[in-house]
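Engineer: model the following, please.
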Amino acid sequence: MPIFRVLIKSLPVITGGLFLCVMNTADAEPRAYITNQGENSVSVISLMTNQVISTIVTAKAPVGVAIDDIDHKLYVSNVESRSISVINMKTNAVMSEIKLKIAPVGITLSKSGSQLFVADWFHDQVLVFDTTTLNQTGAVAIGKAPSGMVVSREGATLYVANRDSDDVGVIDIRSQNLVNKISVGKHPFGVALSGDGKTLYVVNVESNSVSMIDTRKDIVVATISVGEHPYCVTTNADGTRAYVTNTGADTVSVIDTVAKKVIATISVDGFPEGVAFDAKSSRVYVASWMDNAVSVIDAKTNKKISSIPTGSQSRAFGQFIGNITN
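Structural biologist: Prediction:
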């Protein structure tokens, strides 16, 4: 097993395929990690039972989430503590804390898990950390107020939503250079990739819309109107559906990505923020800041089927579903 880990870590271009193989094993248990900003904790939900199985105490005001399923590490951004908590997903124990000079929100990992990217929206840059040493190894100047981030399917590119410059920055990860900027709607925030990696979805908070970007050409191919004050987005496994949380309407918009239009609007718990799709159950999980809960949506019927009580002010900004393997 240690040899297998080294091979995965040293081949970032092909880890997407390896990652899928590892996570699709029959004994993998999917779990949701929900940051609760109001009570400095993370609720761990088993998606097998849809129940909270553990509550992890973090530093102050946790918001962002990034998951390394290979090494079973959970990274959580703590706004008020100005830090990143590193958590062992198997023991649910905090392993270490990365101290920062900024109040972090958006975070994500490289495909290999060897690099952590932290959006610094106070200084218009993305900070880069080595996840082994936890030392900062770089900083990339980007647009104004970077927020949501996602790494391309093959692992070579980092896409960054720049909230206050209304664009998406495209970073070459190997060289740590900004190589392009793509204009989108007003105040882009949450981002997600389609399953095949060919389309990037960007939520435009003040435009009440989602931009669809062709990642092969770095151009906007469609702009789709959604609900009031949208925040985050995720897609299903085959990329035919996108799900957008609308914080101002307490709803989730379901987008047919082929027809490029909203086909359903689902009422959920109050002020929905983070959203993620679980392929194993074909369900969508939505963190509710107002109602301190996670709404569960059946993706086959587009109906809310239950609510899972969590902690105060649940946010879960980022891809918050991970897998535990035996």
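Engineer: which stretches of the stretch 201-326 of the chain have low pLDDT?
Structural biologist: Applying pLDDT under 70 to the stretch 201-326 of the chain flags residues 326.
Engineer: could you rerun that using 90?
Structural biologist: 325-326 (pLDDT under 90).
Engineer: would you map the strands across it?
Structural biologist: Taking DSSP state E, counting those that start in this stretch as the test, the strands found in the stretch 201-326 of the chain are 209-214, 219-225, 230-235, 241-246, 251-256, 261-267, 272-278, 283-288, 293-298, 303-309, 321-324.
Engineer: any chance of these in a markdown table, with distance to residue 153 and mean neighbour count too?
Structural biologist: No exception for glycine: its C-beta is placed from N, CA and C like everyone else's. Formatted as a markdown table, the strands of the stretch 201-326 of the chain follow (distance: least, CB to CB, whole Å; neighbours: other CB atoms under 10 Å):
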| stretch | distance to residue 153 | mean neighbour count |
| --- | --- | --- |
| strand 209-214 | 14 | 22 |
| strand 219-225 | 17 | 15 |
| strand 230-235 | 12 | 25 |
| strand 241-246 | 16 | 26 |
| strand 251-256 | 19 | 22 |
| strand 261-267 | 25 | 15 |
| strand 272-278 | 16 | 26 |
| strand 283-288 | 21 | 26 |
| strand 293-298 | 25 | 23 |
| strand 303-309 | 30 | 15 |
| strand 321-324 | 17 | 20 |
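Engineer: between these, which one is closest to residue 190.
Structural biologist: strand 230-235 (3.5 Å; CB to CB).
Engineer: listing partners with orientation, what would you give for that closest one?
Structural biologist: Paired with strand 230-235 in the same sheet, following DSSP bridges, are strand 241-246 (antiparallel).
Engineer: give me the distance from the partner strand to the chain's centre.
Structural biologist: Distance of strand 241-246 from the chain centroid (CA atoms, centre = their mean, to the nearest Å) equals 13 Å.
Engineer: could you check the angle strand 251-256 makes with it?
Structural biologist: 160 degrees (axes from the mean of the first three to the mean of the last three CA atoms, to 10 degrees).
Engineer: hmm, who's touching strand 241-246?
Structural biologist: With contacts defined as CB atoms under 8 Å, 6 or more residues apart in numbering, strand 241-246 is touched by 190, 192, 194, 201, 203, 210, 226-236, 252-257, 268, 272-275, 277, 284, 286, 297, 299.
Engineer: thinking again about what came up before, including distance to residue 64, could the strands of the stretch 201-326 of the chain go into JSON lines?
Structural biologist: Converted to JSON lines, the strands of the stretch 201-326 of the chain look like this (distance: least, CB to CB, whole Å):
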{"stretch": "strand 209-214", "distance to residue 64": "20"}
{"stretch": "strand 219-225", "distance to residue 64": "25"}
{"stretch": "strand 230-235", "distance to residue 64": "11"}
{"stretch": "strand 241-246", "distance to residue 64": "15"}
{"stretch": "strand 251-256", "distance to residue 64": "20"}
{"stretch": "strand 261-267", "distance to residue 64": "24"}
{"stretch": "strand 272-278", "distance to residue 64": "9"}
{"stretch": "strand 283-288", "distance to residue 64": "12"}
{"stretch": "strand 293-298", "distance to residue 64": "17"}
{"stretch": "strand 303-309", "distance to residue 64": "20"}
{"stretch": "strand 321-324", "distance to residue 64": "14"}
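Engineer: of all these, which lies closest to residue 104?
Structural biologist: Of all the strands of the stretch 201-326 of the chain, strand 272-278 comes closest under CB to CB, at 15.5 Å.
Engineer: residue 150 is in what secondary structure piece?
Structural biologist: Here residue 150 sits within strand 146-151, counting by DSSP states H and E.
Engineer: sheet-wise, list the partners of the helix or strand immediately after that strand in the chain with their directions.
Structural biologist: Remark: after strand 146-151, the chain's next helix or strand is strand 157-162, criterion DSSP H and E. When sheet partners are counted by DSSP bridges, strand 157-162 sits next to strand 146-151 (antiparallel), strand 167-172 (antiparallel).
Engineer: wait, residue 200 sits on residue 191?
Structural biologist: Yes - counting by CB atoms under 8 Å, residue 191 is a contact partner of residue 200 at 6.4 Å.
Engineer: picking that back up, between the strands of the stretch 201-326 of the chain, which one is nearest to residue 51?
Structural biologist: Taking those one by one with CB to CB, strand 303-309 is closest: 7.0 Å.
Engineer: where do the contact lists of residue 200 and residue 191 overlap?
Structural biologist: Contacts common to residue 200 and residue 191, judged by CB under 8 Å, 6+ apart, are 150, 159, 168.
Engineer: of all the strands of the stretch 201-326 of the chain, which lies closest to residue 111?
Structural biologist: strand 321-324 (14.7 Å).
Engineer: parallel or antiparallel, list what pairs with the closest one.
Structural biologist: With DSSP bridges as the test, strand 321-324 is paired with strand 29-36 (antiparallel).
Engineer: what angle sits between the strand it pairs with and strand 272-278?
Structural biologist: Using the same axes, to 10 degrees: strand 29-36 against strand 272-278 is 170 degrees.
Engineer: pLDDT averaged over strand 29-36 - what is it?
Structural biologist: The average pLDDT for strand 29-36 rounds to 97.
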